[in-house]
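Asks: Let's see this in three dimensions:
(one chain, ligands or ions: 1)
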Amino acid sequence: MKVIVTENFAESCKLVARRIADIVKEKPNAKLGLATGGTCEDIYANLVKLYHNEKLDFSDIHTVNLDEYIGMEPTNPLSYRYYMNHNLFDHVNIDKANTYVAGGMGNVEDTIDEFRAKIYEDGAPDFQLLGIGVSGHIGFNEAGEQLHSLAHVEQLDTTTIEANARYFEDKNKVPTTAMTMGVGEICAANEVWLVASGASKVNAIKGLIMEPYVTPHNPSTVLKLHQDATVVIDKALAELVGYKG
Ligand code: PGA
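Replies: This is a model prediction of the structure:
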């Protein structure tokens, strides 16, 4: 696992957007595993800039997203489908038919089957983008006694509900269940980039880059088993976790 320390969060976002843009150039029919959350908003804003400045072509790019809340209409501004359209897909020449975000409203078992199939359709993703939760979740794979390899329904951790409450009118409105890729599917991507910033992520990042264990109590630690995983943190977070390179 490679760790990159940047000057600040803005630099982290630029760096990751640069990597995605390069993949789009190198492989015009690449499949990208995408993520949502506050961390990724600026990455997508940078990617949209690169799309315009460098005339990137997304017309044959395919995407599959990590997760979606159960019970969320795709038109709801708090859904991850809406987030993806709003932050990226509406601003580049991607064919939305080539983008997949699990539907939050259908029959859950059918959607999970479809989700599992989409992850591997025409091959696993070339690239997977990840944020990280307060307790170390990736996608919505929460910390616990065991991890799921495949896409499944997850009960959200109280730390996740609290962190995501900022987007909802009140905490009681945050969905408590979501569909998420499993950790095996996340690690099936050819290369994985995880981006983190902010003091709330200190414990999760400590477990990921400072400790030698792979543990379901910090799901992000499965990335230690991946052959091409990169963790991008800024100087402020590196100092907080005591990472010196
Ligand atoms: P955040 O979420 O980017 O909003 O902090 C990351 C995550 O929960 O994976």
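
Asks: For the protein, which segments count as strands?
Replies: 2-6, 31-34, 62-65, 67-69, 99-100, 127-130, 152-155, 177-180, 191-196, 229-234 (DSSP state E).

Asks: Val16 reaches Val232, doesn't it?
Replies: Yes. Val16 is within contact range of Val232, at 6.0 Å (criterion: CB atoms under 8 Å). C-beta here means a position set from N, CA and C on the backbone, and glycine is covered the same way.

Asks: Now for those two: what residues contact both?
Replies: Trp193, Val195 (CB atoms under 8 Å, 6 or more residues apart in numbering).

Asks: And the least confident helix or strand in the chain by mean pLDDT, what's buried?
Replies: In the chain, the helix or strand scored least confidently by mean pLDDT, DSSP states H and E is helix 158-164, which has a mean of 93. Going by neighbour count (16 or more other CB atoms under 10 Å), the buried part of helix 158-164 is Thr159, Thr160, Ile161, Ala163, Asn164.

Asks: Looking at the residues you listed, which one is closest to Met181?
Replies: Thr160 (15.5 Å; CB to CB).

Asks: which one is the closest one nearest to, not counting chain neighbours?
Replies: Of all residues not flanking Thr160 in the chain, Gly133 sits nearest, at 5.5 Å (CB to CB, 6 or more residues apart in numbering).

Asks: Tell me who's in contact with that neighbour.
Replies: Gly133 touches Glu142, Asp157, Thr159, Thr160, Ala163, Ala204, counting by CB under 8 Å, 6+ apart.

Asks: count of residues packed around Lys173?
Replies: Lys173: 10 surrounding residues under other CB atoms under 10 Å.

Asks: Give me the pLDDT for it.
Replies: At Lys173, the pLDDT value in this model is 90.

Asks: That one and the ligand: what is the separation?
Replies: In this view, Lys173 and the ligand are 17 Å apart by CB to the nearest ligand atom, to the nearest Å.

Asks: where does this protein come near the ligand, residue by residue?
Replies: The chain has residues Gly37, Gly38, Thr39, Gly131, Ile132, Gly133 near the ligand, with proximity defined as CB under 6 Å from any ligand atom.

Asks: From these, list just the buried residues.
Replies: Here, 16+ other CB under 10 Å leaves Gly37, Thr39, Gly131, Ile132, Gly133 buried among these.

Asks: Farthest pair within these?
Replies: Thr39 and Gly133 (10.5 Å).

Asks: would you turn the strands of the chain into JSON lines with distance to Glu169 and mean pLDDT?
Replies: JSON lines is the format used below for the strands of the chain (distance: least, CB to CB, whole Å; pLDDT from 0 to 100):
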{"stretch": "strand 2-6", "distance to Glu169": "34", "mean pLDDT": "98"}
{"stretch": "strand 31-34", "distance to Glu169": "26", "mean pLDDT": "98"}
{"stretch": "strand 62-65", "distance to Glu169": "24", "mean pLDDT": "98"}
{"stretch": "strand 67-69", "distance to Glu169": "15", "mean pLDDT": "98"}
{"stretch": "strand 99-100", "distance to Glu169": "28", "mean pLDDT": "98"}
{"stretch": "strand 127-130", "distance to Glu169": "28", "mean pLDDT": "98"}
{"stretch": "strand 152-155", "distance to Glu169": "22", "mean pLDDT": "97"}
{"stretch": "strand 177-180", "distance to Glu169": "19", "mean pLDDT": "98"}
{"stretch": "strand 191-196", "distance to Glu169": "27", "mean pLDDT": "98"}
{"stretch": "strand 229-234", "distance to Glu169": "31", "mean pLDDT": "98"}
